[in-house]
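> Give me a 3D structure for the following:
(chains A, B and C)
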Amino acid sequence: MRIGELARRTGVSERMLRYYEQAGLLQPERKESGYRDYGAAQIQAAQRIRMLSAAGLKIETIRILLPCIMDNLPRFEPCREVRAALRYEVDKLDEKLHNLEESRKIVAGFLNDVEGVGCANRRSR
DNA sequence: ATTCTCACA
DNA sequence: TGTGAGGA
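Numbers count the residues shown, from 1 in each chain, chains lettered A, B, ... in the order given. Below is the predicted model:
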């Protein structure tokens, strides 16, 4: 099947399908026309990539996890790099969570400072 | 009608 | 990640 059909059947945009190819996640054949030719197995792969991408994982991590997925469920085979990759992602998320908490505190503090106080600027509320 | 590559107000 | 150009 060509890129358009795969895109329709997986919900992955043609744009991203091409991007995933250059990233090495998908390797469709090429017709004489130059058009990409995806096999039935590619639709499964695309759906899985979509799932992992929705989890916010970067291409590099998806590349490691993709061949270790058993079902289309969040279930992985305990491949060597899988554990490390997931560990890394979770740690990174914890870090982002922490930064957001700090940011929230600061902004909430600003809000608290202005609440109840009149604004000196003209025509502003 | 579709897809391809490349580039970015 | 989207979108449009210019070509096949």
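> residues contacting A:Ala46?
Shown in contact with A:Ala46 (Cβ atoms under 8 Å, 6 or more residues apart in numbering): A:6, A:10, A:12, A:17, A:20, A:26. C-beta: built from backbone N, CA, C; applies to glycine.
> ok, the last one touching A:Tyr20?
What it means is A:Leu26. Yes - between A:Leu26 and A:Tyr20 there is a contact under Cβ atoms under 8 Å: 4.8 Å.
> Identify the contacts common to the two.
The contact sets of A:Leu26 and A:Tyr20 overlap at A:46, A:49 (Cβ under 8 Å, 6+ apart).
> Turn the contacts of A:Ala46 into TSV, including pLDDT and distance to A:Cys68.
What follows is the contacts of A:Ala46, written out as TSV (pLDDT from 0 to 100; distance: Cβ to Cβ, whole Å):
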residue	pLDDT	distance to A:Cys68
A:Leu6	97	22
A:Thr10	96	20
A:Val12	96	20
A:Leu17	97	21
A:Tyr20	96	17
A:Leu26	96	16
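> which ones among those are found in helices?
Using DSSP state H, the subset of these located in helices is A:6, A:10, A:17, A:20.
> So the third one is in contact with A:Leu26, correct?
Yes - here A:Leu17 lies in contact with A:Leu26, judged by Cβ under 8 Å, at a distance of 6.8 Å.
> For the top helix by length along chain A, buried residues please.
Counting by DSSP H, the longest helix found in chain A is helix A:80-114. Within helix A:80-114, the residues that count as buried by 16 or more other Cβ atoms under 10 Å are A:82, A:85, A:89.
> For that helix, name the packing helices and strands.
The contact analysis (3 or more Cβ pairs under 8 Å, 6 or more residues apart in numbering; DSSP states H and E) places helix A:80-114 against helix A:59-65.
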